[in-house]
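Peer 1: just coords:
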């Protein structure tokens, strides 16, 4: 899941007028594969996918553990996604002499394909409704009792489903607890890098062009999935489109959109606007400045900070766009009016009023508690795991793994149940290189924020830091730790809880001091905020079902969805933006200096290219973060593009969808057919794809 999505832990706060039928929102919706509004599509476009089309698209689609989507594109396990979805792998494979993120990667022979240490791909194989079972386990409960019962019931479902390391099972909460589905995946943990282009081509325009259009990038990576040491043989893969996409064509996105909350309450939205988003913007702004400074200290510092800096800038721009959507425009006033109308209808029905009428007030009380503890929760529980050094994260995971493995599966924290263990072990034992200088910089900054925000005399600060400075603590735990060695971490995993608990490694000693305060505030959040909101969201969902049925799409959950729309331009600042860009536009935009510097491979190839060839395109599909790498599929079930971004207006997609301006941005596959043979001379993937 994307860094920002994980960091917010379900706090994406979104608005869409309650009670609006989906047709009123044109092509709005990121639909589960078992709930596609086929009749709506057929009524508007004169055609809709049949079951064979849907089954093939589903089996050809993948979810990547780095928070992206992907698809099979050959019978030999070749996988198509974005370059920025492969950046973590590229950096793990790189060293001071080989910067694959900056210079690209190509395996001219099968034996040259390199394993991505932390990457997992999941293929959805089944969806099973388990709502009755979960509801029966939680009926009549509230607060901590509800949270414990729900966690135990979900853990039982996932444990009963998992039959080996290659099967991953996940209970997905939909309609805010109105329904629960059990998703069964085929898990692939041997994923290898095949080909990708240079950073300058994948991120041409940098942060200036990010979330904007027109765009001129080739954001593409080819991976390969291996099974028992050999390329996976599969019958389910997507062919590349024979006919390129045209303006007005119906297209589908098959991907894994991240968390959205389009039916959250006004209290939740106002909390996001007034506290959550401003705090996140402040944190990410500081982190960006720190990383930018470090990147100027030398070529190696620039290399090792590049991915963290890109992720930070991406998240920062996203949060600013979301804040703008809540502060300006009709979204929040519309939400207030819609919520008032729904509450009026519930109050007018004695049975619904008795059962669900107090739900909004209960959520508002939970939000009041959230305001008090959110900063501490973010600093102690979230940042060490999702917004800091990889070394610190692995130490926290080791310590938690040891503690959670001692208790029954149904009582463990989320992320540490039996079904989570294979991915957790892969993450902890990853052979990706460690960068002590970056670790110390990130940990020093994080510890400084703890002391700054909570105060020097705060008991938790004293427990974690004592009287030492953040810089001294960071240096002590990084310089003297052995956990930067993957073999040490792997050995501790094999030894289990006994070996981990017996270790006196200074970093593990440190995270044990952190663990008590972090668990305490996490328990407070889960019992008094999350559980209350979940329980009362379920009550609101029940009232909506009673009044309107389940005709609307589900919020994003980083699980496989299908959205539909058309290749379609839009108006911005009084100017119409056509839906396609071409290679000529990229060369015209180039200045020779970053971020508008084209790589040498492009400059050499320019005389041999048809510059009118399409490069990027926009579609009206409803899409949010997590869909990066998703295939854009035409009526024939063929790939016609690869999603890599959305426009600036789409940042409000966490709150609602505006068909006039929300656009998904994709690389046109005609660009690939030109670039791979003409610019990169990547003969092996070209031959495999039959080009």
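Peer 2: Noted; the coordinates are in hand. What you see is a predicted model, and the numbers here were worked out from it, not measured in a lab. Numbers count the residues shown, from 1 in each chain.
Peer 1: Okay, helices next: where are they in the stretch 101-250 of the chain?
Peer 2: For the stretch 101-250 of the chain, the helices defined by DSSP state H, counting those that start in this stretch occupy 131-138, 143-161, 199-202, 206-209.
Peer 1: Then the stretch 301-450 of the chain?
Peer 2: For the stretch 301-450 of the chain, the helices defined by DSSP H, counting those that start in this stretch cover 331-348, 350-356, 359-377, 383-386, 390-404, 421-428, 436-454.
Peer 1: Which one of these lies nearest to residue 297?
Peer 2: Between residue 297 and the helices of the stretch 301-450 of the chain, the tightest spacing by Cβ to Cβ is seen for helix 436-454, at 9.0 Å. For the C-beta atoms, the positions are set from N, CA and C on the backbone; glycine is no exception.
Peer 1: give me the number of residues near the closest residue to residue 204 other than its chain neighbours?
Peer 2: Closest residue to residue 204 apart from its sequence neighbours, by Cβ to Cβ, 6 or more residues apart in numbering: residue 217 at 4.8 Å. Here the number of neighbours of residue 217 (other Cβ atoms under 10 Å) works out to 26.
Peer 1: go on, residue 311?
Peer 2: For residue 311, the neighbour count with other Cβ under 10 Å is 22.
Peer 1: hmm, back to that, single out the most deeply packed of the helices of the stretch 301-450 of the chain.
Peer 2: Ranked by mean neighbour count under mean count of other Cβ atoms under 10 Å, the helices of the stretch 301-450 of the chain are led by helix 390-404, which reaches a mean of 22.
Peer 1: which outside residues touch the helix or strand containing residue 268?
Peer 2: Assessed by DSSP states H and E, residue 268 sits inside helix 266-271. Residues outside helix 266-271 that contact it (Cβ atoms under 8 Å, 6 or more residues apart in numbering) are 13-15, 261, 326, 332, 335-336, 339, 360, 363-364, 367, 370-371, 533, 655.
Peer 1: Repeat that for stretch 417-431.
Peer 2: Outside of stretch 417-431, the residues within contact range by Cβ under 8 Å, 6+ apart are 65, 92, 117-118, 120, 155, 158-159, 161-162, 165, 168-170, 187, 189, 394, 397-398, 401, 409, 415-416, 486, 489-490, 493.
Peer 1: how about the helices of the stretch 101-250 of the chain in JSON lines, adding distance to residue 344 and mean pLDDT?
Peer 2: As requested, the helices of the stretch 101-250 of the chain are exported to JSON lines (distance: least, Cβ to Cβ, whole Å; pLDDT from 0 to 100):
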{"stretch": "helix 131-138", "distance to residue 344": "27", "mean pLDDT": "95"}
{"stretch": "helix 143-161", "distance to residue 344": "27", "mean pLDDT": "92"}
{"stretch": "helix 199-202", "distance to residue 344": "51", "mean pLDDT": "97"}
{"stretch": "helix 206-209", "distance to residue 344": "45", "mean pLDDT": "95"}
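Peer 1: Tell me which of those lies nearest to residue 111.
Peer 2: When the helices of the stretch 101-250 of the chain are compared (using Cβ to Cβ), the closest one is helix 199-202, at 25.4 Å.
Peer 1: Against which helices or strands is that closest one packed?
Peer 2: Here helix 199-202 touches helix 100-103, going by 3 or more Cβ pairs under 8 Å, 6 or more residues apart in numbering; DSSP states H and E.
Peer 1: which strands and helices sit next to the helix it packs on?
Peer 2: Contacts defined by 3+ Cβ pairs under 8 Å, 6+ apart place helix 100-103 against helix 87-93, helix 199-202, helix 299-327.
Peer 1: I'd like the average pLDDT over that helix.
Peer 2: Mean pLDDT, computed over helix 100-103, is 96.
Peer 1: And for stretch 320-327?
Peer 2: If you average the pLDDT values across stretch 320-327, you get 90.
Peer 1: So residue 626 belongs to a helix, correct?
Peer 2: No. Counting by DSSP: H, G, I helix; E, B strand; the rest coil, residue 626 is not part of a helix but coil.
Peer 1: where's the nearest residue to it once chain neighbours are set aside relative to residue 143, distance?
Peer 2: Nearest residue to residue 626 in three dimensions, chain neighbours excluded: residue 258, at 3.4 Å (Cβ to Cβ, 6+ apart). Here residue 258 is placed at a distance of 28 Å from residue 143 (Cβ to Cβ, to the nearest Å).
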